[in-house]
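# pasting the structure only:
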């Protein structure tokens, strides 16, 4: 994973998944405030950090 300012980049062939639920994102995330997580409105907005996400294999790019 790479980071420049508030932008994180996944390694080639990987995408990001939020650690505390199953939402899968692309290979680039612009960090900021989340007002909804997992479809639920938050009482207090959450400031995302790189630690909130993990890299997983991009299953759409895997040949089966």
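Looks like it came in fine. Computed from a predicted structure; not experimentally measured.

# which residues touch residue 20?
Going by Cβ atoms under 8 Å, 6 or more residues apart in numbering, residue 20 touches 37-38, 52. Every residue, glycine included, has its C-beta placed from N, CA and C.

# I'd like the residues you listed written out as CSV, with pLDDT and distance to residue 45 added.
Output for the contacts of residue 20, formatted as CSV (pLDDT from 0 to 100; distance: Cβ to Cβ, whole Å):
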residue, pLDDT, distance to residue 45
37, 84, 10
38, 81, 15
52, 94, 13
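
# Just the buried ones among those residues, please.
37, 52 (16 or more other Cβ atoms under 10 Å).

# Mind checking which of the contacts of residue 20 land in strands?
In strands, defined here by DSSP state E, the members of the contacts of residue 20 are residue 37.

# any idea which of the contacts of residue 20 is closest to residue 12?
Nearest to residue 12 among the contacts of residue 20: residue 52, at 21.6 Å, using Cβ to Cβ.

# Now do the same contact list for that closest one.
18-20, 46.

# Out of those, which comes closest to residue 31?
residue 46 (10.7 Å).

# I'd like to know how many residues surround residue 15.
Residue 15 has 20 neighbours, counted by other Cβ atoms under 10 Å.

# And for the one 4 residues further on?
Residue 19 is surrounded by 9 other residues when neighbours are defined as other Cβ under 10 Å.

# Surely it touches residue 53?
Yes: the pair residue 19 / residue 53 is scored as a contact, 6.5 Å apart, by Cβ atoms under 8 Å.

# residues touching the closest residue to residue 10 other than its chain neighbours, list them.
Of all residues not flanking residue 10 in the chain, residue 27 sits nearest, at 4.2 Å (Cβ to Cβ, 6 or more residues apart in numbering). Contact analysis of residue 27 by Cβ under 8 Å, 6+ apart lists 9-10, 14-16, 58.

# Now tabulate these in CSV and tack on distance to residue 42.
What follows is the contacts of residue 27, written out as CSV (distance: Cβ to Cβ, whole Å):
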residue, distance to residue 42
9, 26
10, 25
14, 27
15, 23
16, 19
58, 28
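
# Tell me the spacing between residue 47 and residue 57.
Here the criterion is Cβ to Cβ, to the nearest Å. By it, residue 47 lies 28 Å from residue 57.
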